[in-house]
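Trainee: predicted coordinates and the sequence they were generated for:
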Amino acid sequence: MKTGIIIFVFIALAVLHQDIWNWDNGNLLFGFIPVGLAYHAGYSIVAAVFWACVVKFAWPKRLEEWADGGE
Amino acid sequence: MNYLFNLAQAEIPAVSRIPLVVIICYLGLLLGLALFSGRFFRGTSKDYFVASHSIGPFMLLMSVFGTTMTAFALVGSTGKAFQKGVGTYGLMASSSGLIHAACFFLIGIKVWSIAKRHGYVTQIQFFRNRFESNGIGYLLFPCLVLLVIPYLLIGVIGSYRVMGPATAGMFTDLFPQVGPLNGSVPPWIIGLVICGVVLAYIFAGGSRAAAWANTFQTLVFMAMGVLAFYLISKALGGVAAASEQIYPGHLVRTPSELEVTTKAGAFQREIGIPPLQFLTYMFIPLSVGMFPHLFQHWLTAKSAKSFRLTVIAHPICIMVVWVPCVLIGLWATGVFNTPPLAEWPKPVVSIMGGTDDAGVGKVLSVVVKFLIENPLIAGMVTAGILAAIMSSLDSQFLCLGTIFTNDIVLHNQPKERFTDKQIVLIARSFVVTIVLLTYILSLVLKDVQNVFDLAVWSFSGFAALTSLVFTALYWKGATKAGAYACITVVAVSWLYFFAKSGWGGEYTVFSSEHRTDDGIMPVAICFVLGLVSMIVVSLFTKKPSDETIKKFFP
């Protein structure tokens, strides 16, 4: 279930990366940042939040313990 | 709109040498720090290759991020934004935020765990054991080396592109030459110094020195990128004024053409990002899954927990570096056309001109040099650019030395054949040889290619091979024959497209007659072909032994 949600959100983010609705938008947000750039800067922040959630809720704890048992 | 580049070959007046002094001080500081880290060197080969698995979260983030962001980060992002427009960030940066972190999480942590458990220090050792084949090492080895070499050249040639304009006019008596770079420090000296500094600290401290140096350099280039952004925006009358004069075609992703006039005549520059290229470019960031130098950095981690910060903060670090640089590149589109240029020194536009796109790599250094009038700041920003370049070079030199030593020299040798001291000596000798080769190659090829297009080809090869590592880690049914098929198909298809591109130019598959970039990125096809070959061949060939499955799938 958890893995399914992560894969779904990942695919959704990959689709949202295409932002076809911004393709022709040459406006400046806050008077200085092009909309196309602002969107993708925001996207970077969302990506970081997504990975923070993955780390929090789907951390491979068992793998970590297995690695430490070696050598 | 016609961009008129004034190409008068005016002499550059003698200029302040302070920027060069700043750069030399920076290199000295870097060398001192890295050599200091060498005091912690334990003298063992494990310490030399993977820092005895001692690197914590912050240094892992900085070294992985610094290694991933080569000359591309500051110089390439600015140049590409100047060339193609606002779509550059989405094309190269935001997709990397998502995909790089995915590779760190899905590949990095698992590879670290397996390598720690079984004592691997190179990718090839991992693949040899996973696919129960010595031969796969000999097949993979030339592929990895041949793909790393252009990546190395990007760094060294990138330093020439940065330092040339930055030092133009400084030594007109000592290094006279015709053209806008008159009096600049020649490439043979720049390459000698850059390679020499990197070699010195890699030689002394191995991967620990690389991690220390990368941390320092990453902090420097992130800070300098932001500083350059602030000062350039100030010089242009503030961020709003700077953005208002961006050429309109660069504010959107819609493909269009821009007429550029140079001394060689007028030509059309393709701007904007075609949709198919934008979509299939998302395969490029997969390259981090197979970079051998990144693999080695992963193995330096103290624990799997060290990866947490890297996975989360990597997209933010990319944003901090790329957003200011893309904006500077966009501002440059207006700067080089609007009234302020009329008062600019003629050599500025001369450096920027040219019918090829080699000038694109010089955008940041030219803007910094002529807009930030303070030579101290200009020197600091240039040092920041060099930091981005060197933070990748060191890891690549070290990793090539590591795989030569472990996968070729020591492979199949009895353990007692060499002492630990001898192994470190062998690795050091290989590093010296590789640095020398890179230096010579960079001087031979310095004017040949648009250095950033060459980088994309290198990334494409690694990205296509990521199907190999992913299936090796997550599919028990991936077989030795499947792995051979995957590597062979990727190598052949990559070589085919590389040749079609004219050995390193910009190229997309099924592009129209009007543009070279509106088709599918070759990497997407190579990746899919590699993955399909692995799956199909594995389904019909002998499965790995139970012992191997147990070893790699806990």
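Mentor: Yep, that arrived.
Trainee: can you check which helix is longest in chain A?
Mentor: Criterion DSSP state H: the longest helix present in chain A is helix A:35-57.
Trainee: who does the helix or strand just after it touch, helix- and strand-wise?
Mentor: Remark: after helix A:35-57, the chain's next helix or strand is helix A:61-68, criterion DSSP states H and E. Other elements packing on helix A:61-68 under the criterion 3 or more C-beta pairs under 8 Å, 6 or more residues apart in numbering or on different chains; DSSP states H and E are helix B:109-118. To be clear about C-beta, it is placed using only N, CA and C from the backbone, and glycine gets the same treatment.
Trainee: list the contacts of the helix it packs on.
Mentor: Outside helix B:109-118, the residues that touch it by C-beta atoms under 8 Å, 6 or more residues apart in numbering or on different chains are A:60, A:63-64, A:66-71, B:53, B:120-121, B:126, B:129, B:295, B:298-299, B:301, B:304, B:307, B:469, B:473, B:551-552, B:554.
Trainee: which residue is nearest the centroid of the chain?
Mentor: Let's take chain A. The geometric centre of chain A, computed from its C-alpha atoms, lies nearest to residue A:47 (C-alpha atoms, centre = their mean), at 2.2 Å.
Trainee: the intended chain is chain B.
Mentor: Nearest to the mean C-alpha position of chain B, by C-alpha atoms, centre = their mean, lies residue B:70 at 3.3 Å.
Trainee: what about the residue nearest to that residue when sequence neighbours are not counted, distance to residue B:250?
Mentor: With C-beta to C-beta, 6 or more residues apart in numbering or on different chains as the criterion, residue B:70 has its nearest non-adjacent residue at 3.8 Å, and that residue is residue B:392. Using C-beta to C-beta, to the nearest Å, we find residue B:392 at a distance of 28 Å from residue B:250.
Trainee: now the stretch 351-500 of chain B against chain A: closest residue?
Mentor: Distances between the stretch 351-500 of chain B and chain A by C-beta to the nearest C-beta are smallest at residue B:473, namely 10.7 Å.
Trainee: what about that residue, how many neighbours?
Mentor: Using other C-beta atoms under 10 Å in any protein chain shown as the criterion, residue B:473 is surrounded by 18 other residues.
Trainee: just the pLDDT for the nearest residue to it once chain neighbours are set aside.
Mentor: Counting by C-beta to C-beta, 6+ apart, the nearest residue to residue B:473 once its immediate chain neighbours are dropped is residue B:110, at 5.1 Å. On pLDDT, residue B:110 comes in at 96.
Trainee: how near is the residue nearest to residue B:40 when sequence neighbours are not counted to residue B:27?
Mentor: Sequence neighbours aside, residue B:208 is the residue nearest to residue B:40 in space, at 6.1 Å (criterion: C-beta to C-beta, 6+ apart). Between residue B:208 and residue B:27 the distance is 20 Å, computed by C-beta to C-beta.
Trainee: hmm, the longest helix of chain A touching chain B?
Mentor: Yes. Taking C-beta under 8 Å from any C-beta of the partner chain as the criterion, helix A:35-57 and chain B are in contact, through A:36-37, A:39-41, A:43-45, A:47-48, A:50-52, A:54-55.
Trainee: in the stretch 351-500 of chain B, where is pLDDT below threshold?
Mentor: The stretch 351-500 of chain B contains residues with pLDDT under 70 at B:351-361, B:448-451.
Trainee: what do you get if the cut-off is 90, keeping everything else the same?
Mentor: Under the criterion pLDDT under 90, the flagged ranges of the stretch 351-500 of chain B are B:351-378, B:381-382, B:384-395, B:401, B:410-422, B:424, B:427-428, B:430-431, B:445-456.
Trainee: distance of the closest residue in space to residue B:186 that isn't next to it in sequence from chain A?
Mentor: With sequence-adjacent residues excluded and distances taken as C-beta to C-beta, 6+ apart, residue B:186 is closest to residue B:175, at 5.5 Å. Distance from residue B:175 to chain A, counting by C-beta to the nearest C-beta, to the nearest Å: 39 Å.
Trainee: my guess is residue B:175 meets residue B:183, correct?
Mentor: Yes. Between residue B:175 and residue B:183 a contact is recorded at 5.9 Å, counting by C-beta atoms under 8 Å.
Trainee: who has more neighbours, the two?
Mentor: For residue B:175 and residue B:183, the more surrounded residue by other C-beta under 10 Å is residue B:183, and the numbers stand at 20 against 16.
Trainee: and the residue nearest to the more buried one when sequence neighbours are not counted, which of the three is it?
Mentor: Counting by C-beta to C-beta, 6+ apart, residue B:183 lies nearest to residue B:172, which is 3.7 Å off, once chain neighbours are set aside. Per DSSP: H, G, I helix; E, B strand; the rest coil, the local secondary structure of residue B:172 is coil.
Trainee: need the contact list for the residue nearest to the centre of chain A.
Mentor: With contacts defined as C-beta under 8 Å, 6+ apart, residue A:47 is in contact with A:13, B:94, B:97, B:98, B:101, B:315.
Trainee: now the host helix or strand of residue B:240: buried residues?
Mentor: Using DSSP H and E, residue B:240 maps to helix B:239-244. Across helix B:239-244, burial judged by 16 or more other C-beta atoms under 10 Å in any protein chain shown covers B:239, B:242, B:243, B:244.
Trainee: ok, now which ones touch the second one?
Mentor: Contact criterion C-beta under 8 Å, 6+ apart gives A:32, B:232, B:233, B:236, B:327, B:331, B:334 as the residues in contact with residue B:242.
Trainee: separation between the fourth one and residue B:223?
Mentor: Taking C-beta to C-beta as the measure, residue B:236 falls 21 Å from residue B:223.
Trainee: name the helix or strand of chain A that has the lowest mean pLDDT.
Mentor: For chain A, scoring each helix and strand by mean pLDDT, DSSP states H and E identifies helix A:61-68 as the least confident one, at a mean of 88.
Trainee: any stretches of chain A with poor pLDDT?
Mentor: Within chain A, the segments meeting pLDDT under 90 span A:1-2, A:64-65, A:67-71.
Trainee: what is the burial count for the closest residue to residue B:226 other than its chain neighbours?
Mentor: Computed as C-beta to C-beta, 6+ apart, the closest residue to residue B:226 that is not its neighbour in sequence is residue B:324, at 5.9 Å. Using other C-beta under 10 Å, residue B:324 has 22 other residues around it.
Trainee: ok so residue B:324 is a helix residue?
Mentor: Yes. Residue state for residue B:324 (three-state DSSP) corresponds to a helix.
Trainee: got the contact list for it?
Mentor: Shown in contact with residue B:324 (C-beta under 8 Å, 6+ apart): B:225, B:226, B:228, B:229.
Trainee: return the members of the residues you listed classed as buried.
Mentor: B:225, B:226, B:228, B:229.
Trainee: how about the residues of the stretch 301-450 of chain B by chain A?
Mentor: B:303-305, B:308, B:311-316, B:318-319, B:323, B:326-327, B:330.
Trainee: just the buried ones from those residues?
Mentor: Neighbour counting with 16+ other C-beta under 10 Å marks B:303-304, B:308, B:311-316, B:318-319, B:323, B:326-327, B:330 as buried within these.
Trainee: among the contacts of residue B:242, who's most crowded?
Mentor: For the contacts of residue B:242, counting by other C-beta under 10 Å, the largest number of neighbours falls to residue B:331: 30 neighbours.
Trainee: the host helix or strand of that one versus helix A:61-68: what angle between them?
Mentor: Counting by DSSP H and E, the element that carries residue B:331 is helix B:307-335. Between the axes of helix B:307-335 and helix A:61-68, defined by axes from the mean of the first three to the mean of the last three C-alpha atoms, to 10 degrees, the angle is 110 degrees.
Trainee: now helix B:307-335 and helix A:35-57, what's the angle there?
Mentor: For helix B:307-335 against helix A:35-57, the angle by the same axes, to 10 degrees is 180 degrees.
Trainee: what average pLDDT does helix B:307-335 get?
Mentor: 93.
Trainee: got the residues of the stretch 101-250 of chain B near chain A?
Mentor: Residues of the stretch 101-250 of chain B that fall close to chain A, judged by C-beta under 8 Å from any C-beta: B:101-102, B:105, B:109-110, B:112-114, B:116-119, B:239-240, B:242-244, B:246, B:248.
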